[in-house]
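*Asks:* Give me a 3D structure for the following:
(2 chains)
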Amino acid sequence: MRHVLVALVQDEPGMLARMGNLFARRGYNVVSFTAGASELPNVTRITIVVEGPSTALDQVAKQFRKLIGAIKVADVTEDKDQMSQEMLLVKVGVSAKTRQEVVSLADLFKARIVDVSTTTLLLEATGEPDKLDKLVEVLKPFGIKEQARTGAIFMGRGAKVLNQRPGGAADRKYLPE
Amino acid sequence: MKYTGAEAVWECLVREGVDIVWAYPGGAALPLFDALAKYPQIHHVLVRHEQAAAHAADGYARATGKVGVCVATSGPGATNLVTGIATAMLDSAPVVAITAQVADSVIGSDAFQEINITGITLPITKHNYLVRQSHDVVRSIREAFFLARTGRPGPVLVDLPKDILTGPCDFHYPERIVRPGYRPVVRPASYHLQRAAQTIADAKRPVILAGHGVHVARAWDELRRFAERIGAPVVSTLLGLSALPADHPLALGMAGMHGVAWASLCVQEADLLIALGMRMDDRFTGSLPHFAPKAKLLHVDIDPAEIGKRVPAQVPIVGDVRLVLESFLKDLPELDHREWLAQIQEYRSRHSLDIHGRGPLPPQEVIEALYRVTGGQALLVSDVGQHQMWVAQHYRFQRLNSFFTSGGLGTMGYSVPAAMGIQAGHPGDPVWVVVGDGSFQMNLQELATITQERLPIKIVIINNGYLGMVRQWQELFHGARYIGTPISGPDFVQLAASYGIPALRVTVTAELDAAFAAAKAADGPFLLDCRVDESENVYPMVRPGTSNTEFVEDPRRTAKP
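*Replies:* I've put the predicted structure just below:
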């Protein structure tokens, strides 16, 4: 089954390798992995979509939380309030005959045509991953020359935020030393 | 105050209370060693192989509860630490490994003795650091100690490039450590505690499982009082041995693949398992679908990832074992499980652990003799293999936290170097090593370190000319084809002599007590080469993948009613 983990991690060297190692070690198939700046300084927001059994994912999430530098790890798979967005660039082969047909399909999916050559059209689309899947599906018959996807990013609707308690909590408070 | 990077490292160690480091120098590490001259309060032990430095630091840490420190140079120095670091990781020992690295300017160029040690140790450390800037030296070392000893302890590695060691370094020792997201739950949630107390009060056949976490949390007293309060027997994991004195009426010893039969049966028949700081290792549980089928599991661990990892827990408690037990002691009245204890007593007499050794010197008799001469009070270090299991079965640990062995990783060669750390941590106490002839040959170079440091360690070699545990599996599961397991060795008595260590050879049971008495009486180290029969197997044994009730007992034993 497909699972989504959203995480806040400290932006420091080796963090990516630590996360990669975790998924590789537990035999997880990573469908997509995105990383980028969050609202907090020096904190990266990660979205990982993985394929694997639920019991093992529970273990991966726990192991993920154990990584030093992981501030928050949430499994949002079951969370209905999440919205997701992904960006797609796809280069479709066209002839004079088929070009118009691809343009109208692009319109239908609210995709933008960002580059044109005599034999290709380059489309850019943003949306739910499912919608992008469908766009790719209908473009296939024309011949997809090249395709790149960013991987999905997720965010909960409403006022709730992932980082309820901001990072920086002094560890000392929780530890008898 | 201005220091060099190397001086800053030692300044940090002094502030962390470190008074001994296990180290081996090399090109990139030169500045560290050079600066060490200014720090006479830190005793530096030159080991003979970096693996031993890591094991010694690990042994020191387990025996004292303080962080053990090992130091190695770049490249091969660092990679030689790997097995020792992994051993510490699997057994949650707080170790800080400091490695030197080639100069920052040449990192990534495959320079002489350059290796990406943070990459190599990524999966076998709790955390690691490659310091790229001099202002990160102090913070990294400070954090390394903090991370190594807090929460679930583990090894942390700090890699320091040579130019950072030689360059100037601002020294400001941070009081507070800010590691967002690192919040080990030490105090258990009261809701879970209340549920747990009720579950314990309702149980008819409760069993306490004592793991290594009892030692880590230093919860020995609480464990004993808790067991007495609820009248429940205590079964140990391999690393949980010596958490309760073996002569305590509620102490049952170790369960599992080579556990004593009555302990395994008791786990299988229990209606409640109270697991304290243990991780349900496969060697302990046997086949999971058959494991303790009638029992609920109340699982206490400071690491949430251990709860439910292998066996689902009906009552999970994340927290420090000692604090959890303290709370139980507040909440729970005296409970009585007399019938259950009587039933266990019956298992015990029906499946008693008799010795039916072969030949003039059965290996189990060696362990019994060791018990007699030490009164169960030794700090006992065992290596890995058959002799390790005989120790676990036959040595009755009377002293708390007195058993040290590589449990999770099963590292052959652990015992001799680990004993150096244990002896250094407890200078006046008797430290005994029990080691097979195979394991001994993996790190025997450390005899030189033992002599150099005048460590009065007593080494007992269970010498059968075989890699005995593997031989046993070949006998049972591979048609008795002994491939790669017969192992020759030097004359260990002469070998010891050449290191200046007195030694004796023992070949018959009758000689045992005198030989052990001589070893005990010696001021310094001593070695006993015990020639035992190679065909001896460890019983009882649970075949891998089968239930712990299906243990195979010694075929020579006479069935009891």
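
*Asks:* Stretch B:105-115: how far from the chain's middle?
*Replies:* Centroid separation for stretch B:105-115 versus its chain: 35 Å, with C-alpha atoms, centre = their mean, to the nearest Å.

*Asks:* distance between the ends of it?
*Replies:* 14 Å (C-alpha to C-alpha, to the nearest Å).

*Asks:* near chain A, anything from it?
*Replies:* No: using C-beta under 8 Å from any C-beta of the partner chain, stretch B:105-115 never reaches chain A; the gap is at least 11.6 Å. Just so you know, the C-beta spots here come from the backbone N, C-alpha and C atoms, and that holds for glycine as well.

*Asks:* neighbouring contacts of that stretch?
*Replies:* Residues from elsewhere that reach stretch B:105-115 (C-beta atoms under 8 Å, 6 or more residues apart in numbering or on different chains): B:26-28, B:73-79, B:101-103, B:161, B:163.

*Asks:* what's the average pLDDT for the helix ranked longest in chain A?
*Replies:* Longest helix in chain A by number of residues (criterion: DSSP state H): helix A:54-66. If you average the pLDDT over helix A:54-66, you get 87.

*Asks:* quick one: is it near chain B?
*Replies:* Yes: judged by C-beta under 8 Å from any C-beta, helix A:54-66 comes into contact with chain B through A:D58, A:Q59, A:K62, A:Q63, A:R65, A:K66.

*Asks:* Can you work out which other helices and strands pack against the helix-or-strand element of chain A with minimal mean pLDDT?
*Replies:* Of all helical and strand segments in chain A, the minimum by mean pLDDT, DSSP states H and E falls on helix A:54-66, at a mean of 87. Contacts defined by 3 or more C-beta pairs under 8 Å, 6 or more residues apart in numbering or on different chains; DSSP states H and E place helix A:54-66 against strand A:2-10, helix A:15-25, strand A:70-75.

*Asks:* In a markdown table, list these along with mean pLDDT and distance to B:P525.
*Replies:* Listed next are the helices and strands packed on helix A:54-66 as a markdown table, based on pLDDT from 0 to 100; distance: least, C-beta to C-beta, whole Å:
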| stretch | mean pLDDT | distance to B:P525 |
| --- | --- | --- |
| strand A:2-10 | 92 | 47 |
| helix A:15-25 | 90 | 41 |
| strand A:70-75 | 92 | 46 |
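
*Asks:* out of these, nearest to chain B?
*Replies:* Proximity to chain B (C-beta to the nearest C-beta) singles out strand A:70-75 among the helices and strands packed on helix A:54-66, at 3.6 Å.

*Asks:* excluding its backbone neighbours, what's nearest the residue of the stretch 451-561 of chain B at minimum distance from chain A?
*Replies:* Closest contact between the stretch 451-561 of chain B and chain A, by C-beta to the nearest C-beta, is at B:G545 (20.1 Å). Nearest residue to B:G545 in three dimensions, chain neighbours excluded: B:S287, at 5.5 Å (C-beta to C-beta, 6 or more residues apart in numbering or on different chains).

*Asks:* surely the one you found meets B:T546?
*Replies:* Yes: between B:S287 and B:T546 a contact is recorded at 5.5 Å, counting by C-beta atoms under 8 Å.

*Asks:* Flag every residue of chain B that's near chain A.
*Replies:* Counting by C-beta under 8 Å from any C-beta, chain B sits next to chain A at B:118-119, B:122-123, B:126-128, B:130, B:132, B:146-147, B:150-151, B:176-187, B:303-305, B:308-309.

*Asks:* now do 6 Å
*Replies:* Taking C-beta under 6 Å from any C-beta of the partner chain as the measure of proximity, chain B contacts chain A at B:122-123, B:127, B:150, B:176-177, B:179-183, B:304-305, B:309.

*Asks:* Kindly reformat those as JSON lines and extend each row with neighbour count and secondary structure.
*Replies:* Output for those, formatted as JSON lines (neighbours: other C-beta atoms under 10 Å in any protein chain shown; DSSP: H, G, I helix; E, B strand; the rest coil):
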{"residue": "B:L122", "neighbour count": "18", "secondary structure": "helix"}
{"residue": "B:P123", "neighbour count": "13", "secondary structure": "helix"}
{"residue": "B:H127", "neighbour count": "25", "secondary structure": "strand"}
{"residue": "B:T150", "neighbour count": "23", "secondary structure": "coil"}
{"residue": "B:R176", "neighbour count": "9", "secondary structure": "coil"}
{"residue": "B:I177", "neighbour count": "17", "secondary structure": "coil"}
{"residue": "B:R179", "neighbour count": "20", "secondary structure": "coil"}
{"residue": "B:P180", "neighbour count": "23", "secondary structure": "coil"}
{"residue": "B:G181", "neighbour count": "22", "secondary structure": "coil"}
{"residue": "B:Y182", "neighbour count": "25", "secondary structure": "coil"}
{"residue": "B:R183", "neighbour count": "17", "secondary structure": "coil"}
{"residue": "B:P304", "neighbour count": "18", "secondary structure": "helix"}
{"residue": "B:A305", "neighbour count": "19", "secondary structure": "helix"}
{"residue": "B:K309", "neighbour count": "19", "secondary structure": "coil"}
